[in-house]
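1. got a sequence here, can you build the structure:
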Amino acid sequence: MNQMVEIKSFLDPQLRKIINRKNQVAIIPVGSIEQHGPHLPISTDSDIVTEVSKRISQKNNFLLLPTINYGISNEHAPFFNLSLKEITLQKILSDLCFSLFENNIKTIFIINGHHGNLNAIKNIEKKLRKNLKNKIKVFAFSYWHYMERDFDHAGFVETSLMLAISKEVKMNLAQKGLITDGMSKREINKLGRMASKSFPKVTKNGIWGDPRKATKKDGQKIFREIIGNLEKKCQTCLTGHGSKFYQ
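-> A predicted model of the protein is given here:
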């Protein structure tokens, strides 16, 4: 099995030797700190995207950067959230990519774990390629696009994923949230737009979905699906056959 290089645990001479040995690929996980109902920790998005990024890195021998734990979560107020401005997150990611480039790492995957970060990461690769004269390749992906299930918030999917990796889930406190079964796509999209401005107004208890039947086994299955699909996407990007940078 390949060994991922979690850069925070390496000494400088070792890390420079690894980078000089071959063209390296880096992963930057991006999460958030925000409410996830009464049963999941506020670090849920960061925890899940960290695990996804670790598994991808380990399978492909990529360099894994520390997770950016803060995202854009203002829509969850008055529930707890610690939020950056969109331009701040863009700037952090751009600066990190530029710094990686200066350290001779020219291929970077940004793996996103929070819906509110989408605008901040969209088209970031185009700006970086323009500024660095096409000498860098940056690909930004959101992990939930690589599973068959519908995206939720503190519902069945996120709760199952957390059960697979964390002991901090309090299933006895799990509550049914907003259920969209039977709604039209138009109705769901309308709710999504409302939630992007004020999540509590749409979901009341801060949950989109129903977490009560979530299991560790389901979480492990969903993780395998995400990792398998996302790994294929990464390999497609590296071989130059992929035309779509952002998803």
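2. excluding its backbone neighbours, what's nearest residue 121?
-> Once flanking residues are discounted, residue 121 sits nearest to residue 140: 4.3 Å by Cβ to Cβ, 6 or more residues apart in numbering. C-beta here means a position set from N, CA and C on the backbone, and glycine is covered the same way.
3. now the one you found, what's its secondary structure?
-> strand (DSSP: H, G, I helix; E, B strand; the rest coil).
4. count of neighbours near it?
-> Residues near residue 140, counting by other Cβ atoms under 10 Å, number 23.
5. pretty sure it contacts residue 122?
-> Yes - taking Cβ atoms under 8 Å as the definition, residue 140 is a contact partner of residue 122 at 7.4 Å.
6. and residue 108, that one's in a strand?
-> Yes - assessed by three-state DSSP, residue 108 belongs to a strand.
7. is it true that it touches residue 94?
-> No - between residue 108 and residue 94 there is no contact under Cβ under 8 Å: 10.9 Å.
8. in this protein, spot the helix with the most residues.
-> If you go by DSSP state H, the chain has its longest helix at helix 216-239.
9. name the helices or strands packed onto it?
-> helix 44-60, strand 107-112, strand 137-142, helix 156-165 (3 or more Cβ pairs under 8 Å, 6 or more residues apart in numbering; DSSP states H and E).
10. need the residues that contact that helix.
-> By Cβ atoms under 8 Å, 6 or more residues apart in numbering, the surrounding residues in contact with helix 216-239 are 25, 51-52, 55-56, 59-60, 107, 109, 111, 137, 139, 141, 143-144, 146-149, 156-157, 159-165, 242, 245, 247.
11. of these, buried ones?
-> For these, a burial check counting by 16 or more other Cβ atoms under 10 Å picks out 25, 51-52, 55-56, 59-60, 107, 109, 111, 137, 139, 141, 143-144, 146-147, 156-157, 159-165, 245.
12. thinking again about what came up before, please produce a markdown table containing the helices and strands packed on helix 216-239, extended by distance to residue 98.
-> Formatted as a markdown table, those follow (distance: least, Cβ to Cβ, whole Å):
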| stretch | distance to residue 98 |
| --- | --- |
| helix 44-60 | 20 |
| strand 107-112 | 10 |
| strand 137-142 | 10 |
| helix 156-165 | 31 |
